[in-house]
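S.K.: Requesting a structural model of the entry that follows:
(2 chains)
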Amino acid sequence: MGLAQEYSLGVIRARGLEKRYGDRQVLRRVEFELPRNGFLLVTGPNGSGKTTLLRICAGLAAPTGGELTCDVGRPSIGFLAHEPLVYRELNALENLDLYGRLYRIRERRERIGMLLERFGLWEERHARVASYSRGMLQRLALCRTLLHEPELLVLDEPYSALDDDGAALLDRELAERRATASFVVATHEPDRVLPLATARLALG
Amino acid sequence: MTYFADVGALARKDLMLELRARDTLPAMLLFVLSTLVVFHFVLPSDSSELAAKGLLWVAILFTALLGLSRAFAAEREQGVIDGLVLATRDRSAIWLGKALAILAFLGLAEIVALPAFGLFFTHVGGGTIAGVVLADVGICAVGTLLAAMATASRARELLLPLIFLPLTIPIVIGGVGASVAGHPGKYLAFLALYDAIFGLVAWGSFEYVVTE
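M.R.: Numbers count the residues shown, from 1 in each chain, chains lettered A, B, ... in the order given. Model (predicted):
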């Protein structure tokens, strides 16, 4: 575990961050500071605590030691998890409409349509998510994550299950948003996002 | 008002899911009807009306438990609860939306169950109906919170009845009292007080239940 970079206007600041599940220490004294519009790349082997760290950054888990402060409000966080976080019995439109209402997005139908078009899911918008392939689910999860134009993007293995076209599309999305959003990205393909990264945190 | 818009969107989503999957309401309907049929044969023909009304409350409670055990099934299986927690301004909207959906399912089950009870046992009076309505509110308020707590546990199927049933003893006392008493007013007031207190506690504590 290492110290990333020091910035004065941090969006996220972690000091001595620890997380323990029972006897198992998952995170041990993690320290970093993510500046506004910074890009923190988190790497490490399986079980090193990448997902746990990202869940803490998103406010979905509490650390058992140390402290993490986040200057971005919860509704301004876009979180991409291992699971797509969508209902299998609903279709893509219904899922995104639910999130659009909760995030109170103006002109949400236009925004949903634009994202589905961009991620190649427009033709499948009325199909139940249960019928989607793993790659389509990941594309839908990306639509959900980007729907409300978050200030902070917390992405856990964003390239997982994406084909070459999907991965190239995600590359473009990340590059486009690089100037307007802050990122915490955990991936086993660090070379893919390394050009965008401003700091790197190696766990484990 | 935006809070209630969130609650409405979440409750509507649960009704839509049930309409598609049909895995909770039909089970509740079948359960409550089959329970009443079994009780009909269990209870001696010369048994009192009081005993029958007690059994009605047993049927209602366990039917609610059946619905509550499925309350967060979709969120658990697909991890959607994380998405909802992030998207809602106030996390209690998730609890209220879910409680309203469960209340609708339980109400629909009772619309079938109460006439069936009248057919098998004895007539259902105004006190009983008012008691059922008030009890439903308390059951759904407390039950939804406990269902969310149990969802986080590996032994969720065991945990939910163990924590739910003791907390519903006051509901049974108030409900049975409202059904059998000549003047059910004090029992109905007791149920309303339970709803108010436990509703507030559940509303205020849901935030902490969904944070790891």
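S.K.: Show residues contacting the helix or strand that contains residue A:138.
M.R.: Assigned by DSSP states H and E, residue A:138 belongs to helix A:134-146. Applying CB atoms under 8 Å, 6 or more residues apart in numbering or on different chains, the contact partners of helix A:134-146 are A:78-81, A:83-86, A:92, A:95-96, A:99, A:112, A:115-116, A:119-121, A:124, A:129, A:132, A:153, A:155, A:158, A:160-163, A:166, A:170, A:173, A:177, B:83. Every residue, glycine included, has its C-beta placed from N, CA and C.
S.K.: rerun at 6 Å
M.R.: A:78, A:80, A:84, A:86, A:92, A:99, A:115, A:119, A:121, A:161-163, A:166 (CB atoms under 6 Å, 6 or more residues apart in numbering or on different chains).
S.K.: Same question for stretch A:181-200.
M.R.: For stretch A:181-200, contacts defined as CB under 6 Å, 6+ apart pick out A:4-5, A:11, A:34, A:36-43, A:50, A:54, A:57, A:151-157, A:159, A:178.
S.K.: Enumerate every residue touching residue 155.
M.R.: Here I'm looking at chain A. Residue A:155 is in contact with A:80, A:185, counting by CB under 6 Å, 6+ apart.
S.K.: try again with chain B
M.R.: With CB under 6 Å, 6+ apart, residue B:155 has no contacts at all.
S.K.: Apply 10 Å and report the result again.
M.R.: Residue B:155 makes contact with residue B:162, according to CB atoms under 10 Å, 6 or more residues apart in numbering or on different chains.
S.K.: same deal with the one 5 residues further on?
M.R.: Contacts for residue B:160 (CB under 10 Å, 6+ apart) come out as B:65, B:68-69, B:71, B:143, B:146-147, B:149-151, B:153.
S.K.: host element of it?
M.R.: helix B:156-167.
S.K.: Centre of the chain to that helix, how far?
M.R.: 13 Å (CA atoms, centre = their mean, to the nearest Å).
S.K.: what packs against the helix or strand following that helix?
M.R.: The first helix or strand that comes after helix B:156-167 along the chain, using DSSP H and E, is helix B:169-180. Counting contacts by 3 or more CB pairs under 10 Å, 6 or more residues apart in numbering or on different chains; DSSP states H and E, helix B:169-180 packs against helix B:49-69, helix B:126-151, helix B:185-209.
S.K.: Out of these, which gets nearest to residue A:30?
M.R.: When the helices and strands packed on helix B:169-180 are compared by CB to CB, helix B:185-209 sits nearest residue A:30, at 24.0 Å.
S.K.: What residues sit buried inside the closest one?
M.R.: By neighbour count on 16 or more other CB atoms under 10 Å in any protein chain shown, the buried set for helix B:185-209 is B:187-188, B:190-191, B:194-195, B:198-199, B:202-203, B:206, B:209.
S.K.: what separates the spatially most distant residue from the centre of chain A from chain B, distance-wise?
M.R.: For chain A, the residue at maximal distance from the C-alpha centroid (CA atoms, centre = their mean) is residue A:23, at 28.0 Å. To chain B, residue A:23 is 17 Å away according to CB to the nearest CB, to the nearest Å.
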